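> Here you go, sequence then predicted model.
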Amino acid sequence: MALAERLDQDLKTALRGGDAIRVSTIRLVRAAIHNEEIERGRQLSDDEIRVVLNKEAKRRREAIEMFEKGKRDDLVAKESLELAILTEYLPAGLSLEELRKIVAEGIAQAQASGRKDTGKVMALVMPRVKGRADGQTVNKIVQEMLPEKG
């Protein structure tokens, strides 16, 4: 089943079951997908829908962080529920060990000798981890694994 169809089916199920948080989350995601489709002038593929889902999940993570700083536990709980719902539609993320292995392969492939080669490594690694790892996390690991100078 295509991802868009799955979202539609899950929305219907949530409406029938009275799951208000799931209904609102799926509606927000469908609106974001619809806006992207309008912008591109065509239907999105499953991979493109996952990119939209990742953006929405990232927004939730950032909101959770801000609400935690503001000691708004009620909003942290709401955003956490929404993030959990979004995560159901995304592929499983890579573990830190898997990510470090991919970064090490990227460093070897780019023949990187120092942090000045970060861009080369990122260009090789990001397509391999697309949708399964956050760019900031990847960058942090690349910085850790590359020597200061070189």
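Here it is on my side, so go on.
> So this protein: which segments form each domain?
Dividing the chain into domains by automatic domain parsing, as the record does, gives the ranges 3-87, 96-145.
> how about those domains in a markdown table, adding mean pLDDT?
Rendered in a markdown table, the data for these read as follows (pLDDT from 0 to 100):
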| stretch | mean pLDDT |
| --- | --- |
| domain 3-87 | 93 |
| domain 96-145 | 87 |
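> Reformat those domains as TSV; add mean neighbour count.
Bear in mind the C-beta positions are built from the backbone N, C-alpha and C, glycine included. Converted to TSV, the domains of the chain look like this (neighbours: other C-beta atoms under 10 Å):
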stretch	mean neighbour count
domain 3-87	15
domain 96-145	16
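> isn't residue 36 right next to residue 42, touching?
No - contact between residue 36 and residue 42 fails when scored by C-beta atoms under 8 Å: they sit 10.0 Å apart.
> Quick check: neighbours shared by the two?
Listed as contacting both residue 36 and residue 42 by C-beta atoms under 8 Å, 6 or more residues apart in numbering is no residue at all.
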